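Undergrad: coordinates only, sequence not included:
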């Protein structure tokens, strides 16, 4: 991802301008208008900033900052139990923190609610653009119209493999999705208690990553309106593929990503792979210590000769509405997401894969990881990152669409409808939610 993604910039910029023109309501929290930064003057005296996030170990990173910056102290709050519910409630009560972790896919939706303040009045904020992978910056700046957040991490996807299980049954590690399906059949036949992976029906973000890999562009902007194509040949191919795995009982559907039950299944050797993102490396490491040396990381299985990869997740640190300490917030935000010491600690403790270009060159990311039999796993993620379709864009009502998608995926996993039906439900939800907010949209071709 080495060049600016023009189409994403145009699409997100268009969504932002439409949201502003639409003026969804007269309430401050949902007016669709940004809280423009009047100035970037340093505050007088000592300042304490509030920073909300969900990253394990982030308190240690904040402690490092606080030791070095006695006049700009940061108080951290972990909101992993209900990230967006907590942020939404704080916005409604006009009690938002100065800074909060926000996923790339959530940025457009929150922008229509007037959730952010523009930090472009701060020279350090605008100068930071060159420090990040271009596609991440274009999403946080909404097409260079301002600086509403700074990229923190990305989620290039790969396949985590229990190498010992594949070796035990003499099965080659799959390189394509067809080979993956064949491996799933062989593993389950060899051991009926073993499945190749699990399908989490309540994780739209993960499913979107699978669609992303297959170049299933769900949104693009043309003809002065959003073209919504959640239902496409590419997305149907992904849905039908996983539907067959589910129908043939070759994957489990009773596990949630990151849950105690998920780790228990891996601990009992009931699942042989994990389809995940770069930030997931620390999850397995920290929760399955007895399996150290048994795991490896390989590229995502591909769709035939198409070597594309996908992205799952990744976050930003946003400048929230009501921020009265913008100068200090920019100082901390820039340090947090570009300083080598901070980035190394975030990767070690929280598994974050940096969005900063210099972060990708950290010595820590070129070393072998003991849990993965000293494999240089970040080389795999670096290659994955290069193969992500950078034309992919999020819609302006993505949160609503994801909720609809999850509901329909769960029904399909339970035997009511199919995953392809879930795509149709998501497309209808996207069109309706945009219409409800007076955002011009049409079904794409």
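TA: Perfect, I can see it now. From a predicted model like this one, the values you see are computed outputs, not experimental measurements.
Undergrad: low-confidence ranges, this protein, go.
TA: 1-38, 143-144, 445 (pLDDT under 70).
Undergrad: so which residue is dead centre in it?
TA: When C-alpha atoms, centre = their mean is applied to the chain, the residue found nearest the centroid is residue 313 (1.1 Å).
Undergrad: now it: closest residue in space, sequence neighbours ignored.
TA: Spatial nearest neighbour of residue 313, excluding adjacent residues (C-beta to C-beta, 6 or more residues apart in numbering): residue 155 at 3.8 Å. In short, each C-beta sits where N, CA and C put it, glycine included.
Undergrad: now do the helices in the stretch 101-250 of the chain.
TA: For the stretch 101-250 of the chain, the helices defined by DSSP state H, counting those that start in this stretch cover 107-112, 123-127, 134-140, 163-168, 177-190, 204-213, 233-247.
Undergrad: I'd like to know how many residues surround the residue nearest to residue 313.
TA: Residues within reach of residue 155, counting by other C-beta atoms under 10 Å, total 26.
Undergrad: next: residue 82.
TA: Neighbourhood size, residue 82 [other C-beta under 10 Å]: 11.
Undergrad: what's the answer for residue 125, then?
TA: Applying other C-beta under 10 Å, we find 27 residues neighbouring residue 125.
Undergrad: do residue 112 as well
TA: 23.
Undergrad: for the helix or strand hosting residue 435, buried residues please.
TA: Assigned by DSSP states H and E, residue 435 belongs to helix 419-436. The neighbour-count check on helix 419-436 (16 or more other C-beta atoms under 10 Å) flags 419-431, 433-434 as buried.
Undergrad: and stretch 262-277, by the same measure?
TA: Counting neighbours by 16+ other C-beta under 10 Å, stretch 262-277 gives 262, 263, 265, 266, 269, 271, 272, 273, 274, 275, 276, 277 as buried.
Undergrad: can you give the contact residues for it?
TA: 155-162, 165-166, 187, 193-198, 206, 209-210, 252, 255-256, 280, 283-284, 287-288, 290-291, 300, 311-314, 353 (C-beta atoms under 8 Å, 6 or more residues apart in numbering).
Undergrad: and for stretch 171-185?
TA: 159, 161, 163, 166, 186-187, 195-197, 241, 244-245, 248, 250-251, 296, 298-299, 301-304.
Undergrad: quick check on those residues: which are buried?
TA: 159, 161, 163, 166, 186-187, 195-197, 241, 245, 250-251, 296, 298-299, 301-303.
Undergrad: and stretch 193-208, how far out from the chain's middle?
TA: 16 Å (C-alpha atoms, centre = their mean, to the nearest Å).
Undergrad: measure that stretch end to end?
TA: 28 Å (C-alpha to C-alpha, to the nearest Å).
Undergrad: and stretch 87-104, by the same measure?
TA: Using C-alpha to C-alpha, the two ends of stretch 87-104 sit 15 Å apart.
Undergrad: got the contact list for that stretch?
TA: Contacting residues not belonging to stretch 87-104 are listed as 28-29, 49-55, 77, 79, 83, 110, 113, 115, 136, 139-140, 149, 152, 205, 313-325, 329, 332-333, 394 [C-beta under 8 Å, 6+ apart].
Undergrad: now it: buried residues?
TA: 87-88, 90-91, 96-104.
Undergrad: any chance of those residues in CSV with distance to residue 178 as columns?
TA: Shown next, in CSV, are those (distance: C-beta to C-beta, whole Å):
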residue, distance to residue 178
87, 42
88, 42
90, 47
91, 46
96, 48
97, 47
98, 50
99, 45
100, 42
101, 38
102, 37
103, 32
104, 31
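Undergrad: got the contact list for residue 344?
TA: Residue 344 neighbours (C-beta under 8 Å, 6+ apart): 362, 364.
Undergrad: for the helix or strand harbouring it, the distance to its chain's centre please.
TA: Using DSSP H and E, residue 344 maps to helix 340-350. Computed by C-alpha atoms, centre = their mean, the separation of helix 340-350 from the middle of its chain amounts to 18 Å.
Undergrad: quick check: buried residues in it?
TA: Across helix 340-350, burial judged by 16+ other C-beta under 10 Å covers 342, 343, 344, 345, 346, 347, 349, 350.
Undergrad: roughly how far apart are the third one and residue 316?
TA: The reference is to residue 344. 20 Å (C-beta to C-beta, to the nearest Å).
Undergrad: ditto for residue 115
TA: Distance, residue 115 to residue 316, by C-beta to C-beta: 12 Å.
Undergrad: do the same with residue 194
TA: Distance, residue 194 to residue 316, by C-beta to C-beta: 38 Å.
Undergrad: what is the burial count for residue 282?
TA: The number of residues packed near residue 282 is 19, by other C-beta under 10 Å.
Undergrad: in contact with it, which residues?
TA: With C-beta under 8 Å, 6+ apart, residue 282 has these contacts: 56, 349, 350, 351.
Undergrad: would you enumerate the residues in contact with residue 65?
TA: Counted by C-beta under 8 Å, 6+ apart, residue 65 has contacts 72, 74, 332, 335, 336, 342.
Undergrad: now these in JSON lines, with secondary structure?
TA: Shown next, in JSON lines, are the contacts of residue 65 (DSSP: H, G, I helix; E, B strand; the rest coil):
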{"residue": "72", "secondary structure": "strand"}
{"residue": "74", "secondary structure": "strand"}
{"residue": "332", "secondary structure": "helix"}
{"residue": "335", "secondary structure": "helix"}
{"residue": "336", "secondary structure": "helix"}
{"residue": "342", "secondary structure": "helix"}
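Undergrad: ok, now how distant is the residue nearest to residue 248 when sequence neighbours are not counted from residue 246?
TA: Distances taken as C-beta to C-beta, 6+ apart place residue 185 nearest to residue 248, at 7.7 Å, with adjacent residues excluded. As judged by C-beta to C-beta, residue 185 and residue 246 stand 14 Å apart.
Undergrad: kindly report the same for residue 435.
TA: Distance of residue 435 to residue 246, computed by C-beta to C-beta: 32 Å.
Undergrad: do the same with residue 430
TA: Residue 430 sits 24 Å away from residue 246, going by C-beta to C-beta.
Undergrad: and stretch 362-379, how far apart are its ends?
TA: In stretch 362-379, first residue to last residue: 12 Å (C-alpha to C-alpha).
Undergrad: what's it in contact with?
TA: The contact list for stretch 362-379 (C-beta under 8 Å, 6+ apart) reads 158, 163, 278, 281, 284-285, 289, 292-297, 340, 343-344, 347-348, 353-354, 359, 382.
Undergrad: take those residues and keep only those in strands.
TA: Using DSSP state E, the members of the contacts of stretch 362-379 that fall in strands are 158, 295, 296, 297, 353, 354.
Undergrad: closest to residue 64 out of those?
TA: Nearest to residue 64, judged by C-beta to C-beta, of the ones in strands among the contacts of stretch 362-379 is residue 354 at 15.9 Å.
Undergrad: bridging residues for that closest one?
TA: residue 153 (DSSP bridges).
Undergrad: surely residue 75 meets residue 53?
TA: No - using C-beta atoms under 8 Å, residue 75 is not in contact with residue 53, being 11.8 Å away.
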